[in-house]
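Enquirer: From the sequence below, what's the structure:
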Amino acid sequence: MTKSNIALHIVKTAGNLFYANGYNSTGINEIIEKAAIAKATLYGHFKSKEDICITYLELRHTEFIAALKNYIDSRVLGAPQLLAIYDLLLENYREKGFHGCWGIKIYGELPSDNDKIKAVIQQQKKDLLLFLGELVRRNFINVSNAEVEKISGGIYLLYESAITESHLHQADWPIHLAKKMAISLFQGMQMVQKSPGY
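Expert: Numbering: from 1, shown residues only. Here you go, the predicted model:
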C-alpha cells in the first residue's frame, strides 16, 4: 500500500471503531490490531488518536456532503430537492450498523477542554446549514434572507432531530415525521418548480 492508502486504511479502521463502539472506548492498541499494522506505522502517519479522529470526521463529512449533493442533483427542483436530505437519511438508517450522527456521537464523549475536535464538529454543522441555505435559495423565487434562514434552519434542526431520534428509538418514524414537518416550512411559497403531491 502507498503511504496515503495506509493512512486511509488507519482512518477507516479507527472510524468504524469510533462509530460502533465509541471514541473513548477505542484505544490505540485496538486500532493497531484491527488495522493489522505496526505501532510505528500508525505513529508514522498520525501523532495521536485525536489526529486520527479529526481526519475521520473530515472524511465522513466530505463523503456525506458529496453523497447529499448527488442525491439532491438527481431530483427535480422544488420540494423533492428540499426534502432529499430526509430520504437519504432513511436510506442510511436502513443500512446495517447505523448509529446516528458520527459527529454528535463523538461530541457527546469529549471532555470540556477538548476544543480541537469540538471545533471541527461545530464547523461541519455550520457547513451543512450553509449548504441548506444555498439549496433553499436555488429552489425558491424571490426568497428573502429571513425566509432562507427560517426554511434552511428548520430543515437542519428537523434533520438533526431525526438522525438522533431514529437511532435512539431504533425506528424510522422520526425521519418520516421530520420530513412531513419540513413540508410545512415552505407550503404556499413560490418554488422554481413544484411536483404533484407537495
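Enquirer: For the residue of the chain positioned farthest from its centre, pull up the helix or strand it's in.
Expert: What lies farthest from the middle of the chain is residue 40; by Cα atoms, centre = their mean that is 31.7 Å. Per DSSP states H and E: residue 40 is located in helix 39-45.
Enquirer: Now do that helix: everything it contacts.
Expert: For helix 39-45, the surrounding residues in contact (Cβ atoms under 8 Å, 6 or more residues apart in numbering) are 3, 6, 7, 10, 28, 31, 32, 35. (Each C-beta comes from the backbone N, C-alpha and C, glycine too.)
Enquirer: now for those residues, which pair is the farthest apart?
Expert: Spatially, the most separated pair among the contacts of helix 39-45 is 3 and 28, at 19.3 Å (Cβ to Cβ).
Enquirer: With neighbour numbers in mind, choose between these two.
Expert: Neighbours were counted for residue 3 and for residue 28 using other Cβ atoms under 10 Å; residue 28 has more, 15 against 10.
Enquirer: and the more buried one, what is it in contact with?
Expert: Neighbour list for residue 28: 39, 42, 49 [criterion: Cβ under 8 Å, 6+ apart].
Enquirer: which one of the residues you listed has the most neighbours?
Expert: residue 42 (23 neighbours).
Enquirer: which residues in the protein form helices?
Expert: Counting by DSSP state H, the segments of the chain that form helices are 3-21, 28-35, 39-45, 49-73, 79-82, 84-94, 102-107, 115-139, 145-169, 173-183.
Enquirer: Give me the buried stretch members for the first one, please.
Expert: Within helix 3-21, the residues that count as buried by 16 or more other Cβ atoms under 10 Å are 6, 7, 9, 10, 11, 13, 14, 15, 17, 18, 19.
Enquirer: on contacts alone, who are the packing partners of that helix?
Expert: helix 28-35, helix 39-45, helix 49-73, helix 102-107 (3 or more Cβ pairs under 8 Å, 6 or more residues apart in numbering; DSSP states H and E).
Enquirer: export stretch 147-158 as PDB, just CAs?
Expert: Taking C-alpha atoms only, stretch 147-158 is exported to PDB below (Å, rounded to 0.1, in the frame of the first residue of the first chain):
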ATOM      1  CA  GLU A 147     -37.100  33.200   4.700                       C
ATOM      2  CA  VAL A 148     -33.900  31.400   3.800                       C
ATOM      3  CA  GLU A 149     -32.800  31.400   7.400                       C
ATOM      4  CA  LYS A 150     -36.200  30.100   8.600                       C
ATOM      5  CA  ILE A 151     -36.500  27.300   6.000                       C
ATOM      6  CA  SER A 152     -32.900  26.100   6.000                       C
ATOM      7  CA  GLY A 153     -32.700  26.400   9.800                       C
ATOM      8  CA  GLY A 154     -35.900  24.400  10.100                       C
ATOM      9  CA  ILE A 155     -34.800  21.700   7.700                       C
ATOM     10  CA  TYR A 156     -31.500  21.500   9.500                       C
ATOM     11  CA  LEU A 157     -33.000  21.200  13.000                       C
ATOM     12  CA  LEU A 158     -35.600  18.600  11.900                       C
END
